[in-house]
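Trainee: Sequence unavailable; structure follows:
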C-alpha cells in the first residue's frame, strides 16, 4: 500500500507527527507499505508560496501580538475562501503529484494541505480517503474545518467543535497526541542519562528551549539566571536551528552551570535527565514532556497555543511564567522548596499520558481497507 503524507516544516509541529506515524507503520509492518512524507510546497517547487508561509511564521513567532490579531481574522469563512484562491496554483501541483504517486490514502498534518485535499475531493479531482491530523489539540478554529476529510483530533472539545460545524461524527476520531517512538520506549534511568549527557548528578537541571527555530527570550533568560547565581542550578539549553543563539550562549563561558545543544535528535534523553522543563507551548513539546512525567514551565505562547496552555496549566501540570525576571524568581523559589514542584509532578503522574501514535497509525491503515 502507498501512503502519502503532506506537511509543511514551519517549525517542527507539523513534521513531528507525520514522521512519528511513518516510523510506527514501517516498524510495525516492515516492507509492506511505501510511505512518502513531503514538505509539499517545497518539494513541489512552489518557492514563493513556501517562502511566504515559512517567513511569515518566523515573523509571527517574534511578534506574537500581530499573530493573535491575524489568527482571529482568519477564523472566518471569508479568510478560508481567500486561502483557496491563494493556493490555486499549489493545488494544481498537489493534484499532479497525487496522480503521479498514486497513493491509497493521503494524510495531512498542516491546515493548508488539508484544505487543498478537501477542495480536490469536493471537485472530484481525487477519489481516495484523506485524513487531516489537527495538530492544535484543544483549538476551535475554522481553518481546520473540512467536511470532505477524515479528521483526527486530540481533545473532546476539538471533536465537538468540528461536529458542530457540520462534520459527520464518524469522520472525527479522538486519539492521544502522536509522539516519536523513543517517547514510548523504556529509556535508561535519569542517573544513567545524566552521566551520558554530562549533566551534574546532584544538580537541579533546568531545561529551556523555544521550539525548533530557537526564537524567543532564551538568551536574556539564561543570562539573568546565570547572574542570579542560584545554588546548585544547572541550565540546559537546546537552541534548535538558531545558530546565533547557540554561539552567543557558548561565548558566555559559564562552565558546568550551562550546557548548550543545537538542534538535537535525542530530545527524549535530555528531557528525562532534567528536573523542570521550560519552553514554548507547542503540542509535540508539551506532550513529550508529559509522557516522561515532567512538570512544565511555559514561557512563550502564541494564539493557536493558548487553549493548550490553559488546559495543561488549569490541569495542574504546568505554570505559565512569560518574563525572564519572573522565571528567575520562580526558579529560585522552586529550588529552595520543592513541595510545589512535587505537587505538579504528582499531577503529571496521575495524568499518565500515553502516545496515540500506534492507534492513529492503525486507524489510517484501516481506512485504506
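Mentor: That came in fine, so what should we check first? What you are looking at is a predicted structure, and each value in this text was computed from that prediction instead of being measured.

Trainee: Going by C-alpha atoms from here, please, whenever you check contacts or count neighbours.
Mentor: Will do.

Trainee: where do the strands sit along the stretch 1-150 of the chain?
Mentor: 2-7, 34-39, 105-108, 130-133, 150-153 (DSSP state E, counting those that start in this stretch).

Trainee: could I get the ones you listed as JSON lines with mean neighbour count, distance to residue 177 and mean pLDDT?
Mentor: What follows is the strands of the stretch 1-150 of the chain, written out as JSON lines (neighbours: other C-alpha atoms under 10 Å; distance: least, C-alpha to C-alpha, whole Å; pLDDT from 0 to 100):
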{"stretch": "strand 2-7", "mean neighbour count": "22", "distance to residue 177": "16", "mean pLDDT": "97"}
{"stretch": "strand 34-39", "mean neighbour count": "17", "distance to residue 177": "19", "mean pLDDT": "96"}
{"stretch": "strand 105-108", "mean neighbour count": "26", "distance to residue 177": "15", "mean pLDDT": "98"}
{"stretch": "strand 130-133", "mean neighbour count": "26", "distance to residue 177": "10", "mean pLDDT": "98"}
{"stretch": "strand 150-153", "mean neighbour count": "24", "distance to residue 177": "8", "mean pLDDT": "97"}
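
Trainee: residues touching the spatially closest residue to residue 291 that is not a sequence neighbour, list them.
Mentor: Leaving aside its chain neighbours, residue 291 sits nearest to residue 353 (5.2 Å; criterion: C-alpha to C-alpha, 6 or more residues apart in numbering). By C-alpha atoms under 8 Å, 6 or more residues apart in numbering, residue 353 lies in contact with 176, 287, 290, 291.

Trainee: try residue 23
Mentor: Contacts of residue 23 (C-alpha under 8 Å, 6+ apart): 180, 181.

Trainee: Kindly recompute the last result at 10 Å.
Mentor: 17, 29, 30, 35, 180, 181, 357, 361 (C-alpha atoms under 10 Å, 6 or more residues apart in numbering).

Trainee: could I get the residues you listed as JSON lines with distance to residue 85?
Mentor: Output for the contacts of residue 23, formatted as JSON lines (distance: C-alpha to C-alpha, whole Å):
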{"residue": "17", "distance to residue 85": "28"}
{"residue": "29", "distance to residue 85": "40"}
{"residue": "30", "distance to residue 85": "40"}
{"residue": "35", "distance to residue 85": "30"}
{"residue": "180", "distance to residue 85": "35"}
{"residue": "181", "distance to residue 85": "38"}
{"residue": "357", "distance to residue 85": "34"}
{"residue": "361", "distance to residue 85": "32"}
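
Trainee: Since that was my last question, I'll sign off now.
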